[in-house]
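K.L.:
Kindly return the folded structure for what I paste below:
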Amino acid sequence: MCLVNISTEKWPPRHRTYFGSLEVRSPGPGEAYAITPIRGCTGVMDLGDKRTMEYRITAREIAEDIAREINSDSGEGSFHGVFVAAGAAPTEAELADATRRLQQFQRRLVAAADLEWERTKNPMFITDLERRAARQLGLEKPWLYDPRPLAECPVCAEKIKPGVAVCRSCGAILDREKAAQYGLVGREEKPAAEPQRSREKREKETVK
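P.N.:
Residues are numbered from 1 along each chain as shown. Next up is the predicted model:
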């Protein structure tokens, strides 16, 4: 029995008293899905008075329990691309059905983000889950952005945005070509070539 994951999202390990910890694999670059093998195990029930009773938990029961927990992580009707395959590997039909369900859930997330954006125009109200859904669907949205980390000015060490031409704090020119393009500094002019006759005259005077 195996769990199949078609989402690139990384899930934290799942903990159970009857088997410990289990990490659900995510597909790597170039992989359409990832498989996590599941085995059955034996649970122990405490009956009191130092009495216990062992019971068998099948691999399917464990796999369905973990898949249910992951897929319901974002509320009612959510689906995150984890399912139980009927065999040792997923069939084309199983993969197609899981892809359909995942995209359907992602479109619902994007629709909710669109409504929030129309209401507030504030990207802070768009969740990471909604942004991830838009990226995985290949959509371009006004609320979808990837904040880039700030860099440090090599002169004053002040935090600046990537691609800045002139540091606002110390005035250091970080990209002269870009700064000149927007009129922030003058372009560097190369010295004019010395006329051939004047150069020859100067060389003769040096020899004398």
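
K.L.:
I'd like to know how many residues surround the closest residue in space to residue 145 that isn't next to it in sequence.
P.N.:
Spatial nearest neighbour of residue 145, chain neighbours left out: residue 123 (6.6 Å); criterion: CB to CB, 6 or more residues apart in numbering. All C-beta spots, glycine's among them, are computed from the backbone N, C-alpha and C. Around residue 123 sit 16 other residues, with neighbours defined as other CB atoms under 10 Å.

K.L.:
again, but for the one 10 residues further on
P.N.:
The criterion is other CB under 10 Å. On that basis, residue 133 has 23 neighbouring residues.

K.L.:
how near is it to residue 5?
P.N.:
16 Å (CB to CB, to the nearest Å).

K.L.:
ok, now residue 116?
P.N.:
Distance, residue 116 to residue 5, by CB to CB: 28 Å.

K.L.:
so who does the residue nearest the centre of the chain touch?
P.N.:
Here the mean C-alpha position of the chain is nearest to the C-alpha of residue 132 (CA atoms, centre = their mean), at a distance of 7.1 Å. Residues in contact with residue 132, defined by CB atoms under 8 Å, 6 or more residues apart in numbering, are residue 9.

K.L.:
And the one 5 residues further on, by the same measure?
P.N.:
In this structure, residue 137 makes contact with 103, 106, 107, 110, judged by CB under 8 Å, 6+ apart.

K.L.:
Equivalent analysis for residue 150, please.
P.N.:
Counting by CB under 8 Å, 6+ apart, residue 150 makes contact with 159, 160, 161, 162.

K.L.:
Could you do residue 131 as well?
P.N.:
Neighbours of residue 131 in contact, by CB under 8 Å, 6+ apart: 113, 143, 144.

K.L.:
any idea which element the first one lies in?
P.N.:
Right, the one you point to is residue 113. Using DSSP states H and E, residue 113 falls within helix 92-120.

K.L.:
Let me see the mean pLDDT of the next helix or strand after that helix.
P.N.:
Sequence-wise, the next helix or strand beyond helix 92-120 is helix 128-136, with elements assigned using DSSP H and E. For helix 128-136, the per-residue pLDDT values average out at 92.
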